[in-house]
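> Test case, fold it:
(2 chains)
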Amino acid sequence: DTAVSQTPKYLVTQMGNDKSIKCEQNLGHDTMYWYKQDSKKFLKIMFSYNNKELIINETVPNRFSPKSPDKAHLNLHINSLELGDSAVYFCASSQAGPTGELFFGEGSRLTVL
Amino acid sequence: AQSVTQLGSHVSVSEGALVLLRCNYSSSVPPYLFWYVQYPNQGLQLLLKYTSAATLVKGINGFEAEFKKSETSFHLTKPSAHMSDAAEYFCAVSEAPSNTGKLIFGQGTTLQVKP
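Numbers count the residues shown, from 1 in each chain, chains lettered A, B, ... in the order given. Okay, the predicted model is just below:
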């Protein structure tokens, strides 16, 4: 059973389109995250939700809108895609607090043409 | 604000040789530190973490790291490299004192293992 699962694994789309990535965790964790990994493999946090409440929003353009319908799900919707949005997006989850291990999904590779 | 610097974006060792991946941190409060590994086309997996208990931390797959406050370092080592250790390694610090669980990652180090 996959602990943190993301869909789709690959997206290829044109500039200006809108796309969504879905994430689900079955670990019973309270906190979920979206991280972006760029072409140089640098990882940066985008958003974090704790029990459906947004707690981190790291100066991400408002074209990116996360949604957490319940604490096991965190989706990411991206409007008006730009070339610079091409990256791998990772969902992760953890128990609340600074020492909890993050469990990552396998990533969703977005390519904007 | 916390930060992490990984010295060496690419490290190459021979199979059976010592692995040493360097990580230095900057933090105004006692840090929580992590090493994660990323195999090709996969997500990140925790190798080990330091949370202010023992300064020498043992992790999975034979890796260990030592927290040295005087050097602000948390270097990752393995006595004998295996081909399967080839991957991307990330050092990270947990943002404090916000307790959000947010991790700040270093730039990553690619470990190549030569036969």
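> Quick check: phi and psi on whichever residue of chain A sits closest to chain B?
In chain A, no residue comes nearer to chain B than residue A:104, which is 3.3 Å away by CB to the nearest CB. Any C-beta I mention is one placed from the backbone N, CA and C, and that applies to glycine too. Backbone torsions of residue A:104, given as degrees, to the nearest 10, read phi -100, psi 150.
> Show me what residue A:111 bridges to in the sheet.
residue A:12 (DSSP bridges).
> OK, contacts around it?
A:10-13, A:86 (CB atoms under 8 Å, 6 or more residues apart in numbering or on different chains).
> Could you check how far it is from residue A:39?
Separation of residue A:111 from residue A:39 (CB to CB, to the nearest Å): 11 Å.
> what sits in contact with each of these two?
The contact lists of residue A:111 and residue A:39 share residue A:86, where a contact means CB under 8 Å, 6+ apart.
> number of nearby residues for residue 3?
Assuming you mean chain A. By the criterion of other CB atoms under 10 Å in any protein chain shown, residue A:3 has 14 neighbours.
> not what I meant, chain B
12.
> Leaving out chain neighbours, which residue sits closest to it?
Leaving aside its sequence neighbours, residue B:3 sits nearest to residue B:26 (CB to CB, 6 or more residues apart in numbering or on different chains; 4.6 Å).
> so what's the residue lying closest to residue B:39 once chain neighbours are set aside up against?
In this structure, residue B:39 finds its nearest non-sequential neighbour in residue B:87, 4.9 Å apart by CB to CB, 6+ apart. Going by CB under 8 Å, 6+ apart, residue B:87 touches B:37-40, B:110-111.
> PyMOL command for the buried members of these?
The PyMOL command for the buried members of the contacts of residue B:87 (criterion: 16 or more other CB atoms under 10 Å in any protein chain shown) is given here:
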select buried, chain B and resi 37+38+110+111
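> hang on, the earlier thing: I'd say the residue of chain A closest to chain B and residue B:45 touch.
Yes - applying CB atoms under 8 Å, one finds residue A:104 in contact with residue B:45, separated by 7.3 Å.
> how close does the spatially most central residue of chain A sit to residue A:41?
In chain A, the centroid-proximal residue (CA atoms, centre = their mean) is residue A:34; its distance is 3.1 Å. The gap separating residue A:34 from residue A:41 is 17 Å, by CB to CB.
> which secondary structure elements does the helix-or-strand element of chain A with minimal mean pLDDT contact?
Taking mean pLDDT, DSSP states H and E as the measure, chain A has strand A:53-57 as its least confident helix or strand, at a mean of 88. Applying 3 or more CB pairs under 8 Å, 6 or more residues apart in numbering or on different chains; DSSP states H and E, one finds that strand A:53-57 contacts strand A:43-50, strand A:64-70.
> got CSV for those, with mean pLDDT too?
Listed next are these as CSV, based on pLDDT from 0 to 100:
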stretch, mean pLDDT
strand A:43-50, 92
strand A:64-70, 94
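> Can you say which of these is nearest to residue B:56?
strand A:43-50 (26.0 Å; CB to CB).
> From the chain's centroid, how far away is that closest one?
Using CA atoms, centre = their mean, to the nearest Å, the distance from the centre of strand A:43-50 to the centre of the chain it belongs to is 7 Å.
> And for stretch B:4-11?
The answer for stretch B:4-11 is 10 Å, by CA atoms, centre = their mean.
> quick one: buried residues of it?
So stretch B:4-11, judged by 16+ other CB under 10 Å, has buried residues B:4, B:6, B:11.
> hey, what's the last one bridged with?
In this structure, residue B:11 has the following beta-bridge partners (DSSP bridges): residue B:111.
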